[in-house]
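**Q** Predicted model, plus sequence, below.
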Amino acid sequence: MEQYDSMIVGGGIAGLQAAIQLGRYEHRVLVIDAGYGRSTLCKSYHNILGWPDGVSGEELRRLGRLQAEKLGVTFANDEVVQAVNKGKPGDGFELWGKSGKGYEAPTLLLATGLLDRIPELPNLKSCLGLTVYVCPDCDGYEIKNKQTIVMGSGDSGAGMALTLSTRTDKLTYVNHEQKAVKSELLAKLKEKRITYVAEDIGEVMAETNGLFRGVVLANGERIGAERGFIAFGGNEVKSDLARQLGAERLENRHIVTDPRSKMTSVPFVWAAGDVGVHAEQVTIAMGEGAQAAIWMNKALLMLKEEANIHRVVVRS
């Protein structure tokens, strides 16, 4: 079994930032990445310092991996399916991938993120991050005074439309799947003059450059727009490894961490990024990745010191 000082599960934004920080401490670091996540879908982030014209998640991942590799960080293309706590704190952890390979280290960071529930609508994914968005805090600015369609389901879509009503008064909410919407939300949609359509979406109208043009409903009706948002609810929080290790999670499956160190309730296991409890933004994921790595380094130095003391005692 391959042994490292630190293992990071997830090669997205939080995981890569942590890997870079740990690499700069000159630890033996392994990033295990399945190659697919929220950041692989976004064609352009618009709210990141230094990228005024936007940068894709794929480009950030490419650059981050190159930077980490230059610092000696190792990458494994694998999907971790089992996590084992070897015993008392400091004994370390074993991870097992779908490949059948095992990995071992005394410190572990879970940066596994989450996946938005996105129905397989033709042309939708080509627009993500360019003219169709997920996060109102990140990209609400992009729809200012523009004709916008919220493609969603039930209360989740209604809530998104109401949140965006401060950005534009040209809103339509299409309740794909036609799930029930609370009466008070329907009343608020009417009050805000948000057009409500309870009909499945057949396909997204888009140009080859990712320019959103609206939707075609299942009944054939076309609704034109300049921008889109999605809010289907039921996002998958990738925290099952934390469950296996016994780490505390909220009812929505996000992992609870110490706000200062980002350590979970399990000693020597940290969590950073969208899998944790925070605002689900790239810039926050970066900060949490670095924050966790700083405390992982402290833990590694402590373990090294304890090992040295033990060797001295044994020799004496």
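**A** Structure's in. What do you need?
**Q** all helices of this protein, in order?
**A** Using DSSP state H, the helices assigned to the chain run over residues 13-24, 38-41, 57-70, 136-139, 154-164, 183-191, 240-245, 282-315.
**Q** Highest mean neighbour count out of these?
**A** Among these, ranked by average contacts under mean count of other CB atoms under 10 Å, first place goes to helix 13-24 (a mean of 28). C-beta: built from backbone N, CA, C; applies to glycine.
**Q** Rounded mean pLDDT for it, please.
**A** The predicted model assigns helix 13-24 a mean pLDDT of 98.
**Q** what helices or strands is that helix leaning on?
**A** With contacts taken as 3 or more CB pairs under 8 Å, 6 or more residues apart in numbering; DSSP states H and E, helix 13-24 sits against strand 6-9, strand 29-33, helix 57-70, helix 282-315.
**Q** Which of those sits closest to residue 221?
**A** Checking the helices and strands packed on helix 13-24 against residue 221 by CB to CB gives helix 57-70 as the closest, at 33.0 Å.
**Q** Give me the angle between that closest one and strand 29-33.
**A** Interaxial angle, helix 57-70 versus strand 29-33 (axes from the mean of the first three to the mean of the last three CA atoms, to 10 degrees): 150 degrees.
**Q** Helix 57-70 packs against which elements?
**A** The contact analysis (3+ CB pairs under 8 Å, 6+ apart) places helix 57-70 against helix 13-24, helix 38-41, strand 74-77.
**Q** which stretch among the ones you listed comes nearest residue 47?
**A** Go through the helices and strands packed on helix 57-70 one by one with CB to CB and the one that ends up closest to residue 47 is helix 13-24, at 12.9 Å.
**Q** so how far is the closest one from its chain's centroid?
**A** Going by CA atoms, centre = their mean, to the nearest Å, the spacing between the C-alpha centre of helix 13-24 and its chain's C-alpha centre is 15 Å.
**Q** Can you dump the C-alpha atoms of that helix in CSV for me?
**A** Coordinates of the C-alpha atoms in helix 13-24 are reproduced here as CSV (Å, rounded to 0.1, in the frame of the first residue of the first chain):
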residue,chain,number,x,y,z
ILE,A,13,-10.6,24.0,-6.2
ALA,A,14,-10.4,23.3,-2.5
GLY,A,15,-8.4,20.1,-2.9
LEU,A,16,-5.9,21.7,-5.3
GLN,A,17,-5.3,24.8,-3.1
ALA,A,18,-4.7,22.5,-0.2
ALA,A,19,-2.3,20.4,-2.2
ILE,A,20,-0.3,23.5,-3.3
GLN,A,21,0.0,24.7,0.3
LEU,A,22,1.0,21.2,1.6
GLY,A,23,3.5,20.9,-1.3
ARG,A,24,5.1,24.1,-0.2
